[in-house]
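Engineer: Just to be clear, the model below is a prediction. Sequence and coordinates:
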Amino acid sequence: MPDPPHPADGPARRSYPGEGTLVAGSAQGRPEAGVGGLDGPRPRWLRLVSVLAIAAVVGVVAFSGYWVVRLTTNVDSLHLNANGGSVSGVDDRKDRLQILVLGSDTRSGANSGYGPEEDSAGYGQADVMMLLDISADNEHVNVLSFPRDLLVDIPACTDGRGSGSFPARPSDMINSAMRDAGPGCAVDTINAVTGLEVDHFMLADFNAVTELSNAVGGVDVCVTEAIDEPKSGLKLPAGTSSVQGEQALAFLRARAAFGDGGDLGRIQAQQAFLGSLTRKIKDDGTLRNPQRLLGIADALTSNLTVDTALASIPAMVTIADRLKDIDPAKVSFIAVPTVPAADPNRLVLDEPLASELFTVLKASADLAAPAAGGEEPADAAPGGAPGAASEEPTDNAGEPTATSVPVTVADGTAGADVVASVVTELTGSGYLGAQTIPAPATPLTGVYYGEGFEDAARAVAVALGLPAPVVTADPSVYGVQVYVGADAVGGLDQVTAPEVTDAVNQTADQVSCQDTNPFG
C-alpha cells in the first residue's frame, strides 16, 4: 500500500491525458522532463493566462465584428452619378481623390425637429457644398466651397432611388442640384461646372453635425462681437468659444450673423470651423486613437449617405489613413470666385477667374506649383477636335499645314501692333483663316472657346505660347477667340498665369476670428 502524501507535498494532483509536451520517440508518449522549458506539470497561473489571452482575442474579434456590422449597416449608399455611374476608376489608396461633401437641409425623418417637412423634404438642398481635393502624395488638400446661391446650369438627372428623371435646369441655384435626383445629380453638376471629375460623395444631414461635434468634445470658434441670431439659434459671446451639438450646427448654418449677411460670410465661417476641427483631431491624436475614431465613425455613418464604392469600412479607413498625417498648413480652403448676378441676391461665376482656377486645379492639387503650359493631344490635329484627323493638306512629316477651325483675334488693346503679330503667328502655325475683329478694351488676355472646341483652344494657346489658365469656355463664342488685352501690349510673352493662390481664404493651421454682421 503506498504511503499517503505528505502535507508538505500539497494535495494530490490529477493528471490529464496529453498534458505536457509530447516528444517523438518518448516511452508511451509520456511527457519528457525538461522539454520546452517545462519540468513537470504546467503551473495554474499559466493556464489562467492562456484562458484570458484566448478570451481577449475572442473579445477583440467579436468587438471588431460588432463595429464592422454596425458601421456598415449605418451607411446608406447611392450611385456616384445620377445616370447610373457607380465608380470613378481611381485607386483610393494612391491616386488623387476628389470627394464632394454635401450638407443636406432636409427635414424628413430624424431631422423633423428642425422644421416642417414642407420646408425641405427628401434629399433636401445643399446647405454645404464642398469639394475635397486630396493630392496623390497626400501632401496637399484643397477644400473648394460653392455658395448655395450660385447660379449654374444643372444637367438632366435620373433619381438613384427610382423616383423618375428630371430635365435640365439652366441658370438655377447650385444648392438645388440634388433636390430631385439626389447627390448623384450634384456630382454631375460639379463635374460640368468645373471640368473636374468627382470620385466619391458624402451626404450628411443636420444630425451628423451635432453628433460629430459631440463626439470630438466640441470645436473652438471665434467671433469678433457677441452673436444672438434668432433664425439659426446661434448665441455666442465675443471671442473664442467651444461649440458642439445644436450650437455647432447653428454656427455652420448661420447666415445673417457673419460678414454682410450673405453666403460668402457663412462660407468663411464654415471653413474656419473645419480648420478648427482639423487642428483638434490632429492635436488630440484622434485618427490614431481607435476608441475616439470609432465614436466619430459611428456619429458620421449613422447620418451619412455615400456612393456605393465608398460604402464599406475598408474604403472609409483608406481615406482616413490618407488624411491622418496631413499637415494642416497644407489644407487650403478656397471659395469659388463669384460676382453678383442680375438678381443681387444671387451669384454667378467670376470669369475668367473661376475657369482659370479650375484649369489650375485640373493640372495639380498643389496651387503653388507652376501652371502647366499644356501639350497638344497626341491624337488630335492642332486646333482640331479630339481624335479627329485633319482634312487639310499635310507636309511630308504628316503634320497639318492648315486647319479649318474658326479662329478670331479680338483687339482689346485699342490698336496695339501686337494684334497683327498674333494673326501672323497663328497663320504661320497653320490657322489660315484667323481674322481680326475690334473689341472693347480689356486688361487681360484670354483664349475663349465654344462648345466642342476646348482642345482646339488649348492648341491655339500652345501655338501662341500662352499659359494654360488663360483658356476659358464661353458658350457665346463659335470656334476659338483670342482676346488680346492690355497685358499683351509689350508682346504675348508678357502674359502670365493668374496667381490662383490668391483664391485661398485660409489654411487649416490658421486660427481666424469671424467678423460679425452688425445688422444681422
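Structural biologist: Perfect, I can see it now.
Engineer: those helices in the protein, which residues are they?
Structural biologist: 44-74, 183-194, 206-215, 246-253, 263-283, 290-301, 313-323, 353-363, 418-428, 454-464 (DSSP state H).
Engineer: how near is the spatially most central residue of the chain to residue 494?
Structural biologist: Compute the mean C-alpha point of the chain, and by C-alpha atoms, centre = their mean the closest residue is residue 132, 1.8 Å away. In this structure, residue 132 and residue 494 are 36 Å apart, going by C-beta to C-beta, to the nearest Å. Just so you know, the C-beta spots here come from the backbone N, C-alpha and C atoms, and that holds for glycine as well.
Engineer: got it, and residue 299?
Structural biologist: As judged by C-beta to C-beta, residue 299 and residue 494 stand 54 Å apart.
Engineer: Compare those two (neighbour count), which wins?
Structural biologist: residue 299 (21 against 12; other C-beta atoms under 10 Å).
Engineer: Tell me who's in contact with the more buried one.
Structural biologist: Counting by C-beta atoms under 8 Å, 6 or more residues apart in numbering, residue 299 touches 208, 211-212, 214-215.
Engineer: For those residues, give me a markdown table that also has distance to residue 105 and pLDDT.
Structural biologist: Listed next are these as a markdown table, based on distance: C-beta to C-beta, whole Å; pLDDT from 0 to 100:
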| residue | distance to residue 105 | pLDDT |
| --- | --- | --- |
| 208 | 12 | 79 |
| 211 | 17 | 84 |
| 212 | 17 | 84 |
| 214 | 20 | 87 |
| 215 | 22 | 83 |
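Engineer: now for the helices of the chain, which one comes closest to residue 171?
Structural biologist: helix 183-194 (12.1 Å; C-beta to C-beta).
Engineer: For the closest one, give the mean pLDDT please.
Structural biologist: Average pLDDT, helix 183-194: 93.
Engineer: and the angle for that helix with helix 353-363?
Structural biologist: 100 degrees (axes from the mean of the first three to the mean of the last three C-alpha atoms, to 10 degrees).
Engineer: for the stretch 51-200 of the chain, what are the low-confidence residue spans?
Structural biologist: Scanning the stretch 51-200 of the chain for pLDDT under 70 picks out the ranges 51-74, 84-86, 106-122.
Engineer: please redo it, this time with the cut-off set to 90
Structural biologist: Counting by pLDDT under 90, the ranges of the stretch 51-200 of the chain that qualify are 51-79, 82-90, 102-128, 148, 159-164, 178-182, 195.
Engineer: quick one, strands of the stretch 351-500 of the chain?
Structural biologist: 407-411, 435-438, 446-449, 471-473, 480-484 (DSSP state E, counting those that start in this stretch).
Engineer: buried residues in stretch 225-242?
Structural biologist: 225, 227, 229, 232, 234, 236, 241 (16 or more other C-beta atoms under 10 Å).
Engineer: hmm, which two among these are most spread apart?
Structural biologist: 225 and 232 (15.9 Å).
Engineer: picking up where we left off before, and the buried residues of stretch 225-242, which is closest to residue 460?
Structural biologist: residue 232 (49.1 Å).
Engineer: got a pLDDT number for that closest one?
Structural biologist: pLDDT at residue 232 comes out at 85.
Engineer: I figured it was touching residue 261, is that so?
Structural biologist: No. Contact criterion C-beta atoms under 8 Å: residue 232 and residue 261 do not qualify, at 11.9 Å.
Engineer: Are there residues contacting both of these two? Which ones?
Structural biologist: Listed as contacting both residue 232 and residue 261 by C-beta under 8 Å, 6+ apart are residue 255.
Engineer: bridging residues for residue 100?
Structural biologist: Listed by DSSP bridges, the beta-bridge partners for residue 100 are residue 131, residue 201.
Engineer: do you know how far it is from residue 129?
Structural biologist: Going from residue 100 to residue 129 by C-beta to C-beta gives 7 Å.
Engineer: Thought residue 412 was touching residue 437, still the case?
Structural biologist: No. Using C-beta under 8 Å, residue 437 is not in contact with residue 412; the gap is 10.3 Å.
Engineer: So which of these two has more stuff around it?
Structural biologist: Neighbour totals were compared for residue 437 and residue 412, and residue 412 leads with 22 against 11 (other C-beta under 10 Å).
Engineer: That one: what's it in contact with?
Structural biologist: Residue 412 neighbours (C-beta under 8 Å, 6+ apart): 439-442, 445, 483-486.
Engineer: So among those, which ones count as buried?
Structural biologist: 439, 442, 445, 483-486.
Engineer: okay if I get those as CSV plus pLDDT and distance to residue 311?
Structural biologist: As requested, the buried ones among the contacts of residue 412 are exported to CSV (pLDDT from 0 to 100; distance: C-beta to C-beta, whole Å):
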residue, pLDDT, distance to residue 311
439, 87, 52
442, 85, 48
445, 90, 47
483, 94, 46
484, 93, 51
485, 90, 49
486, 90, 53
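Engineer: With distance to residue 329 added, can I get these in a markdown table?
Structural biologist: What follows is the buried ones among the contacts of residue 412, written out as a markdown table (distance: C-beta to C-beta, whole Å):
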| residue | distance to residue 329 |
| --- | --- |
| 439 | 43 |
| 442 | 36 |
| 445 | 34 |
| 483 | 37 |
| 484 | 39 |
| 485 | 35 |
| 486 | 36 |
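Engineer: Relative to residue 254, which of the residues you listed is nearest.
Structural biologist: The closest of the buried ones among the contacts of residue 412, once distances to residue 254 are taken by C-beta to C-beta, is residue 442, at 38.8 Å.
Engineer: for the closest one, what are its contacts?
Structural biologist: Contacts of residue 442 by C-beta under 8 Å, 6+ apart are 412, 483, 485-486.
Engineer: now swap in residue 183 and tell me
Structural biologist: Counted by C-beta under 8 Å, 6+ apart, residue 183 has contacts 78, 100, 102, 123, 201, 203, 305, 307.
Engineer: These in strands, which ones?
Structural biologist: The strands, defined by DSSP state E, take in 78, 100, 102, 201, 203, 305, 307 from the contacts of residue 183.
Engineer: Hmm, the last one is touching residue 182, no?
Structural biologist: Right, the one you point to is residue 307. No. Checked against C-beta under 8 Å, the pair residue 307 and residue 182 is beyond contact range at 10.7 Å.
Engineer: Common neighbours of these two, please.
Structural biologist: Joint contacts of residue 307 and residue 182 (C-beta under 8 Å, 6+ apart) are residue 78.
Engineer: Between the two, which has more neighbouring residues?
Structural biologist: residue 307 (28 against 25).
Engineer: And residue 357, how close does it get to residue 337?
Structural biologist: 6 Å.
Engineer: So for those two, which sits in the more crowded spot?
Structural biologist: residue 357 (23 against 20).
Engineer: Quick check: that one vs residue 436, distance?
Structural biologist: With C-beta to C-beta as the criterion, residue 357 and residue 436 are 30 Å apart.
Engineer: try residue 469
Structural biologist: Going from residue 469 to residue 436 by C-beta to C-beta gives 24 Å.
Engineer: cool, residue 208 as well?
Structural biologist: 56 Å.
Engineer: hmm, back to that, out of the contacts of residue 299, flag the one nearest to residue 274.
Structural biologist: Looking across the contacts of residue 299 and measuring by C-beta to C-beta, the closest to residue 274 is residue 212, at 11.2 Å.
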